[in-house]
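1. Sequence and computational prediction follow.
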Amino acid sequence: MVPGVGERGSGSLEGTEDGAAGDLDYCRCLRPSPPVLWTQARAGAEKGRKSPRGLRTGGQTDGRTDGVPARMGARPSSALDEQQQRQVRGEVDTLLETFLPCYRGQLAATVLRQISQECSPQEPARCQLLRSKKLPRVREHRGPLSQLRGRPPRWQPVFCVLRGDGRLECFSHREEYEKGGRPLGSTALTGFTLLTSLRDFLRLLDALCPVSSGDPAQEEPDPLGEVPVSFPLFLQHPFRRPLCFSAASAEVQRAWRLALQGGIRLRGTVLQRSQAPAARAFLDAVRLHRQHRGHFGDDDATLGSDAEVLTALLMRELLPDLRARTLRGLRGAGRARAWAWTELLDAVYAAVLAGASAGIRAFQPEKDELMAALERTIRPDADHILQLRTRAAHRLRADIQGPLESCLRGKVDTQLPRVTQALLSSVDATLDAVRSLLARGVDRLCGRLRGSSGARLRGEVYEFGEMPWDPELMHVCYREAERSRGRLGQLGAPFGFLGTQSLVFGVQDLAQQLMADAVTTFLQLADECLTSALDCDQATLQLERVRGRVLKKFTSDSESARWRSTRSWLLGIFLPFVLSQLGPRRKALPDVEGDVLAVGNQALTTEGIYQDVVREALLQRIDRELRKALGADHESRADCSEAPWDQDGAAGETEAQC
């Protein structure tokens, strides 16, 4: 389990009720009772909530896939012989042997950073909206589809269920699901891409095996070509066998498309959403691990849970050799070979995932002991350690100042304004859509309260509370983020940034979180101001006043979130690039390692201090550009989640740095 990822409120994938339970718990004993009609509506909305049937979350609350997941339409890892499975286990062991030391070091660095921020004088967070206590989830979606499955593959009817934790299950028929039967298969949607075009999917499939071995006339019948697929849903994965479904109508296809996209995003951003120090340490360790192998540009390698991220890293390394050794030996021709290749990949992926999951579980007790020991050893000596870091940072800064400044002026300054504007435009369009959707939802609720029946108001309250989790309603907001994908990809590519999917997911997560906070705030303030003495007209007037307050708070939090998120994404685009440009000079740094090691722990390393120095210099540029675009007032409202390490040393070089 990734430390902290399974903690409540830390980006976990723990299943939740299908209603608005987290946002509709109110402390009525502290306030006068709201109007009877409003109370009845709220009670009815709460009574209407039921847990999704069969929602299983035990042992899966951190979004990690423990062991080998069942795969729909794919053979298990027994497709690998004993020797191949031993080889895979050996590769996983090698990965863990090189990754875990890096992870230990980042855990120590993260503990020191957290202690440093606690000791640094900072203004409190300035969030205006109440924080939603509901865990991230997707709304359960279910219904009949056709799936391409079996050997040989044929279209067969199935009953599919998308669980609240982003796991897709297939049953032979509805009755099997309703009586709690075992699914035909269950797949976590991490890393999948959804396609609704048969042509696009076939193009990807054909690209897997571009050289056909055999007479085309002898090829096996292609089930995708035999039966017309009018409303397809193709789930494609770089290391797994694709999942092919067909809907009965365009409306059904659209509903499934929105639901599946939400599940893919939920599974992909579990680590990014977490605020736990250990989750951050894990992501930092992955980036450092990749940099040691020459991969500086950020991409989508960190999408998924801990074991899934490590599995993707290893699969990327294994893929070239696996392709060279096995692809030409696969039987069949054309798409039959492509299907066989994806089946082999799926088996290797399952074996790697099982090994990575076991390794992470085995490391968990050591991680817990290490975190406790780091806290005990670092906190008493924090002042001394930070002073040592400051001296080392000054020496490193003086040594690399020239080449660093040259790189920033020649490579970053010319493109930073364009990338900043593109990011801000994407965030602004998305958050504007959220604000419009929120305002319409409040107006609709006020309209129902004025002269409406209790039953209709109950439904409106429930729908309003569910708005952040409704894929149909939120689609207009998510679509704004998707529209910027191409431009952001083009701007980031020259810097080796290939993480556009992660960036788009991040904007969409931000939109959903702000909507959830706004809904929580509105419902809470409404309960506080409504009393039984008010008639419907008076209650409506009170709600309209609450509406104005919530929208004002939303605007304030949106501005703060826009600054923080854009700053973070700009750093993710440019920092790896700058480090790669300065790479050769890294070997000529002054010798400060001996002083650092004298501390007696892993909290400080020369490499870590070096990267922090580069990071602080780059943040000066980023903050300056954001002040030009947004104004200093936006920065002052931002919750400074990343205070600079070297408070004294950085004070003279940065201006109002977050």
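-> Sure thing, it's come through.
2. From here on, just use CA atoms for contacts and neighbour counts.
-> OK.
3. Please enumerate the helices of the stretch 451-600 of the chain.
-> Secondary structure of the stretch 451-600 of the chain (DSSP state H, counting those that start in this stretch): helices located at 454-466, 471-483, 485-492, 500-529, 536-581, 593-597.
4. Compare these and give me the one nearest P380.
-> Closest of these to P380 is helix 593-597, at 16.8 Å (criterion: C-alpha to C-alpha).
5. one step back: going by mean pLDDT, which of the helices of the stretch 451-600 of the chain comes out lowest?
-> Among these, helix 593-597 has the lowest mean pLDDT, at a mean of 52.
6. Going along the chain from it, find the next helix or strand for me.
-> Downstream of helix 593-597, the first helix or strand assigned by DSSP states H and E is helix 606-630.
7. so that next one versus helix 536-581, what angle?
-> Angle of helix 606-630 versus helix 536-581, following axes from the mean of the first three to the mean of the last three C-alpha atoms, to 10 degrees, is 130 degrees.
8. What helices and strands are in contact with helix 606-630?
-> Here helix 606-630 touches helix 382-407, helix 416-449, helix 536-581, going by 3 or more C-alpha pairs under 8 Å, 6 or more residues apart in numbering; DSSP states H and E.
9. picking that back up, tabulate the helices of the stretch 451-600 of the chain (a markdown table), appending distance to L112 and mean neighbour count.
-> Formatted as a markdown table, the helices of the stretch 451-600 of the chain follow (distance: least, C-alpha to C-alpha, whole Å; neighbours: other C-alpha atoms under 10 Å):
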| stretch | distance to L112 | mean neighbour count |
| --- | --- | --- |
| helix 454-466 | 40 | 21 |
| helix 471-483 | 35 | 18 |
| helix 485-492 | 32 | 16 |
| helix 500-529 | 27 | 22 |
| helix 536-581 | 20 | 20 |
| helix 593-597 | 14 | 15 |
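10. Tell me how many other residues crowd E607.
-> Close neighbours of E607, defined as other C-alpha atoms under 10 Å, add up to 13.
11. Start at 134, not 1
-> Sounds good: first residue 134 from here, last item E740.
12. residue contacts, it?
-> Contacts for E740 (C-alpha atoms under 8 Å, 6 or more residues apart in numbering) come out as none.
13. how close does the closest residue to L606 other than its chain neighbours sit to V594?
-> Closest residue in space to L606, ignoring its immediate chain neighbours: M600 at 6.7 Å, by C-alpha to C-alpha, 6 or more residues apart in numbering. Distance, M600 to V594, using C-alpha to C-alpha, to the nearest Å: 10 Å.
14. ok, the residue nearest to L606 - contacts?
-> Applying C-alpha under 8 Å, 6+ apart, we find M600 in contact with 606-607, 648-649, 652.
15. and these as TSV, adding distance to L486?
-> As requested, these are exported to TSV (distance: C-alpha to C-alpha, whole Å):
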residue	distance to L486
L606	35
M607	33
M648	35
A649	33
V652	38
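16. closest to L240 among these?
-> Nearest to L240 among those: A649, at 31.1 Å, using C-alpha to C-alpha.
17. Spit out the contact partners of that closest one.
-> Residues counted as contacts of A649 (C-alpha under 8 Å, 6+ apart) are 264-265, 600-601.
18. Assess the claim that S382 and F364 are in contact.
-> Yes - between S382 and F364 a contact is recorded at 6.3 Å, counting by C-alpha atoms under 8 Å.
19. With neighbour numbers in mind, choose between these two.
-> For S382 and F364, the more surrounded residue by other C-alpha under 10 Å is F364, and the numbers stand at 19 against 11.
20. quick one, phi/psi of the more buried one?
-> Backbone torsions of F364, given as degrees, to the nearest 10, read phi -130, psi 70.
21. With R315 instead?
-> Backbone torsions of R315, given as degrees, to the nearest 10, read phi -80, psi 130.
22. Just give the number of residues close to it.
-> 13.
23. which of the contacts of A649 has the most neighbours?
-> P601 (26 neighbours).
24. quick one, what contacts that one?
-> Counted by C-alpha under 8 Å, 6+ apart, P601 has contacts 607, 645-646, 648-649, 652.
25. Mind picking the two most distant members of the residues you listed?
-> The largest separation in these, counting by C-alpha to C-alpha, is between M607 and V652 at 13.2 Å.
26. Tell me the secondary structure at F367.
-> Following DSSP: H, G, I helix; E, B strand; the rest coil, we place F367 in the strand state.
27. Was I right to think it contacts L328?
-> Yes - using C-alpha under 8 Å, F367 is in contact with L328, at 5.0 Å.
28. Which one's more surrounded, these two?
-> Higher neighbour count among F367 and L328: F367, with 22 against 16, using other C-alpha under 10 Å.
29. now that one: how far from L335?
-> Distance of F367 to L335, given as C-alpha to C-alpha: 10 Å.
30. Please name every helix or strand in contact with whichever helix or strand A418 is part of.
-> Using DSSP H and E, the element containing A418 is helix 410-424. Helices and strands touching helix 410-424, by 3+ C-alpha pairs under 8 Å, 6+ apart, are helix 215-252, helix 403-406.
31. can you do 10 Å?
-> Packing contacts for helix 410-424, counted by 3 or more C-alpha pairs under 10 Å, 6 or more residues apart in numbering; DSSP states H and E, involve helix 215-252, helix 403-406, helix 439-459, helix 468-511, helix 669-714.
32. Mind checking those for the one nearest to A531?
-> helix 669-714 (16.4 Å).
33. could you say what helices and strands that closest one packs with?
-> Applying 3+ C-alpha pairs under 10 Å, 6+ apart, one finds that helix 669-714 contacts helix 169-180, helix 410-424, helix 515-540, helix 549-582, helix 618-625, helix 633-662, helix 739-763, helix 765-770.
34. okay, which residue is most central for this structure?
-> Taking C-alpha atoms, centre = their mean, the centroid of the chain lies closest to T402, which sits 1.1 Å from it.
35. from what I can see it touches V442, true?
-> No - contact between T402 and V442 fails when scored by C-alpha atoms under 10 Å: they sit 11.0 Å apart.
36. re the thing from before, what does the pLDDT read for the residue nearest to the centre of the chain?
-> Taking T402 on its own, its pLDDT is 95.
37. This completes my enquiry, with thanks.
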